[in-house]
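*Asks:* Next comes the sequence, and after it the predicted model I'd like to discuss.
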Amino acid sequence: MNPPQKICLITSIFFPYTRGGAETVVNNIVQGLKERGYQVIVITISPFKGLGSLWPRKYYHNGIVIYRFFPLNLFSYLNINRYENLPWLRIIWHSLDMFNLHSFLMVKHILKKEKPQIVMTHMLKGVGYLTPLAIKLARIKHIHTLHEVQLITPSGLILKGKEGSWQHKGILTRLYQFFTRLLFNSPSIVISSSKFLSDFHNSHNFFPYSKKIILTNPIIINKTEKEGLKKKQNKLFSFLFLGQIEEHKGILLLIKVFKKLKREVGDKLGEFELLIVGQGSAMKKAKMLAGKEESIKFLGYIPNFELNKIFVQVDVTVVPSLCYENSPTVIFESLSYGIPVLAARIGGIEFIKDNYNGFTFEAGDADDLLKILKFSLENKDKLKNMSENAKKSVEQIGIGKYIQKLEKLI
């Protein structure tokens, strides 16, 4: 059977805008589909740029057709973090987003015009939760991919120890879940990259009639250059944090523990440093917390295509998340370079196997994190010997193999 010629992906954040690993995943899928010969259309949002931005504008980028528009609302989802301290304004925004008739009509118009054979949806917060209805009315096969828990709690963030708080169990959240279940109903196929995320949605009675698939998020498998194999010219052991500089990502905890590690061991276990790559609203707090500690280095945002310059310099990647999330993309990126991962045991981190491609520690536990950082310094050779295991563990999740598996579903 010949593959369908035209596939539409709908997602809230797309190149050149980026916030986290989910955008990287979507971009990898788009590029993978394009390389397989599909006509790819992307429907995504844009910031407000006058009344004209309410109507979809068609762009072309590297052979991809992109439609961008501003869904009529109080502000753009791209700017939602600016209103972090205005919860009631955000509640109104979420309500308008859920039943965004303007966005529904724009998506319906584009689908009618382009007539794709398949629609794949990703992050719809910001596009609007009437989007599945627009797809259903167009009678197009719908595949939805889960990236986080935004259908269960509006913020998409459930912190360790806060699972039973009113933000997640209160009447407004239960009402929110009722409508998201109703509006999404049951797409033909629902893909999750981790068993945790799939089970979590099942426990909240989402997608009762959908075919559910566990399909690990794809990455671009990076072949380390020969020069990279000689990377460690100095004796400095490098820990890496790569991701959003936000409190829920555990960056502040990591800095506190790292400074404590410095105080306790000094250079007894050799010289070591913490490299922090990323940007976010907690940057100021992170830098203040780091203070004058010279071994903590903030490198800012680095584009995905330049990350090889970082990974060939580090010994281990630390993922100290405090929130339940899907398997973080940074885990797979790190492993593809042969860099073991130290990951907090929370959410979909089942890909990390202790003593094989990394180690896990109790999420939010400063003592346990300190213990695993110290263990890393005491077992440098062991971590180095895990490099090949790290690479082997991601051989089956390259973008090429992902697209092949995806084609069997469509």
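*Replies:* Sure thing, it's come through.
*Asks:* For the worst-scoring helix or strand of the chain on mean pLDDT, which helices and strands make contact with it?
*Replies:* In the chain, no helix or strand scores lower on mean pLDDT, DSSP states H and E than helix 166-169, which sits at a mean of 75. Here helix 166-169 touches no other helix or strand, going by 3 or more C-beta pairs under 8 Å, 6 or more residues apart in numbering; DSSP states H and E. Heads up, the C-betas are built off the backbone N, CA and C, glycines and all.
*Asks:* Let's see stretch 264-276 as PDB, backbone CA atoms only.
*Replies:* C-alpha atoms of stretch 264-276 as PDB (Å, rounded to 0.1, in the frame of the first residue of the first chain):
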ATOM      1  CA  GLU A 264      32.100  18.500  51.400                       C
ATOM      2  CA  VAL A 265      34.700  17.100  49.000                       C
ATOM      3  CA  GLY A 266      36.500  20.100  47.500                       C
ATOM      4  CA  ASP A 267      39.000  18.700  45.100                       C
ATOM      5  CA  LYS A 268      39.600  15.400  47.000                       C
ATOM      6  CA  LEU A 269      37.800  13.500  44.200                       C
ATOM      7  CA  GLY A 270      39.400  15.600  41.400                       C
ATOM      8  CA  GLU A 271      38.200  18.900  39.900                       C
ATOM      9  CA  PHE A 272      34.600  19.000  38.700                       C
ATOM     10  CA  GLU A 273      32.100  21.500  37.300                       C
ATOM     11  CA  LEU A 274      28.400  22.000  36.600                       C
ATOM     12  CA  LEU A 275      27.500  23.200  33.100                       C
ATOM     13  CA  ILE A 276      24.000  24.700  32.800                       C
END
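*Asks:* Going along the chain, name the strands of the stretch 101-250 of the chain.
*Replies:* 118-121, 141-146, 189-192, 211-214, 237-242 (DSSP state E, counting those that start in this stretch).
*Asks:* Which positions in the second one come out as buried?
*Replies:* By neighbour count, and taking 16 or more other C-beta atoms under 10 Å as the criterion, the buried residues in strand 141-146 are Lys141, His142, Ile143, His144, Thr145, Leu146.
*Asks:* Check the second one and give its pLDDT.
*Replies:* pLDDT for His142: 98.
*Asks:* what pLDDT does the nearest residue to it once chain neighbours are set aside get?
*Replies:* Leaving aside its chain neighbours, His142 sits nearest to Pro187 (4.1 Å; criterion: C-beta to C-beta, 6 or more residues apart in numbering). The model reports Pro187 with a pLDDT of 97.
*Asks:* Count the neighbours of Pro187 for me.
*Replies:* Residues lying near Pro187 (other C-beta atoms under 10 Å) number 22.
*Asks:* What are the phi and psi values at it?
*Replies:* Note on Pro187: backbone dihedrals following degrees, to the nearest 10 are phi -60, psi 160.
*Asks:* ok, it - contacts?
*Replies:* Counting by C-beta atoms under 8 Å, 6 or more residues apart in numbering, Pro187 makes contact with Thr121, Pro132, Ile135, His142, Ile143, His144, Phe207, Ser210.
*Asks:* From the residues you listed, pick the one nearest Ile43.
*Replies:* Comparing the contacts of Pro187 against Ile43 with C-beta to C-beta picks out Thr121 as the nearest, at 9.3 Å.
*Asks:* burial of Ala363, as a residue count?
*Replies:* Neighbour count of Ala363, defined by other C-beta under 10 Å: 24.
*Asks:* so it makes contact with Val319?
*Replies:* No: applying C-beta atoms under 8 Å as the test, Ala363 and Val319 come out as separate, 10.0 Å apart.
*Asks:* between those two, what contacts are shared?
*Replies:* With C-beta under 8 Å, 6+ apart, Ala363 and Val319 have common neighbours Gly250, Ala344.
*Asks:* Tell me which residue lies farthest from the centre of the chain.
*Replies:* Each residue of the chain has a distance to the centre, and by C-alpha atoms, centre = their mean the biggest one is for Lys268: 36.8 Å.
*Asks:* so who does that one touch?
*Replies:* So, once contact is read as C-beta under 8 Å, 6+ apart, Lys268 ends up touching nothing.
*Asks:* 10 Å instead?
*Replies:* With contact taken as C-beta atoms under 10 Å, 6 or more residues apart in numbering, Lys268 is in contact with Leu377.
*Asks:* Would you agree it falls within a helix?
*Replies:* No: in this structure, Lys268 is coil, not part of a helix, as judged by DSSP: H, G, I helix; E, B strand; the rest coil.
*Asks:* Let me know how buried the closest residue in space to Ser46 that isn't next to it in sequence is, in neighbour terms.
*Replies:* What sits nearest to Ser46 in space, not counting adjacent residues and going by C-beta to C-beta, 6+ apart, is Arg68, at 4.0 Å. Residues near Arg68, counting by other C-beta under 10 Å, number 18.
*Asks:* One more: Val257?
*Replies:* Residues lying near Val257 (other C-beta under 10 Å) number 24.
*Asks:* looking at this, it is in a strand?
*Replies:* No: judged by three-state DSSP, Val257 forms no part of a strand; its state is helix.
*Asks:* from what I can see it touches Val318, true?
*Replies:* Yes: in this structure, Val257 is within contact of Val318 by C-beta atoms under 10 Å, at 9.5 Å.
*Asks:* Thank you, goodbye.
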